[in-house]
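In: Give me the fold of what follows.
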Amino acid sequence: MSDALWKALGVITMGMDLPLRLWYVTAGLLGFAIWSARSLYLSKRLGTWPMRTLYVGSAVVFIVYPLFAVAFWADHAVDTPETQELPTQIIGVLTWGYVFLLAALVAIAKGHRAQVGALACFMLWMNSGVLLVCIMAISGVWL
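Out: Below is the predicted model:
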């Protein structure tokens with residue numbers, strides 16, 4: 001594999017540290033996600049277009065964000081805060097777009113908002129570490 005894919009895999013690995021370290025939050029959200037998936041499956045709403053949009057949106061964040069972070073990784077020897085400002089703002093806008101997409105999907109899910117909301121919370125929580133690592137890698141400011 002190329003060096004960029006290894007770096008992207010490293011971003012995903014670092015991003016999974018947050019949900020793993022805070023396992024008790026992950027376990028609670030996983031319980032709600034299992035409940036909601038079972039409920040949506042029994043009501044035959046697991047394959048509706050809001051749910052498919054939720055799956056695809058979360059997969060895009062999980063795959064595309066690390067590749068974007070690798071492409072614009074801040075190198076302190078070359079990059080300055082001014083050169084990293086635009087990529088940082090782009091990933092910030094994309095992150096807000098993802099959060100608003102999740103909120104819109106929950107809002108339009110008629111009759112099963114609680115279940116879609118539980119799945120959306122779980123997916124946002126699992127992606128939050130990847131989002132945080134990508135933003136830190138692009139901006140060059142590590143916590």
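In: Remind me which helix or strand the residue lying closest to I12 once chain neighbours are set aside belongs to.
Out: In space, and not counting its chain neighbours, I12 is closest to P66: 5.5 Å by Cβ to Cβ, 6 or more residues apart in numbering. To be clear about C-beta, it is placed using only N, CA and C from the backbone, and glycine gets the same treatment. P66 belongs to helix 49-71 when elements are defined using DSSP states H and E.
In: Buried residues, that helix. List them.
Out: Residues of helix 49-71 classed as buried by neighbour count (16 or more other Cβ atoms under 10 Å): 50-51, 54, 57-58, 61-62, 65-66, 68-70.
In: any idea which residue of the chain is furthest from its center?
Out: Distance from the centre of the chain peaks at A77, with 29.2 Å (Cα atoms, centre = their mean).
In: Just want the phi and psi numbers for that one.
Out: Phi and psi for A77, reported as degrees, to the nearest 10, are phi -70, psi -30.
In: and the angle for the following helix or strand past the helix holding P66 with helix 49-71?
Out: Proceeding C-terminally, helix 49-71 gives way to helix 81-108 as the next helix or strand, assigned by DSSP H and E. Computed by axes from the mean of the first three to the mean of the last three Cα atoms, to 10 degrees, the angle separating helix 81-108 from helix 49-71 equals 170 degrees.
In: So which elements touch helix 81-108?
Out: Helix 81-108 is packed against helix 49-71, helix 113-139, with contacts defined by 3 or more Cβ pairs under 8 Å, 6 or more residues apart in numbering; DSSP states H and E.
In: Of those helices, which is nearest L9?
Out: Nearest of these to L9, taken as Cβ to Cβ: helix 49-71 at 7.7 Å.
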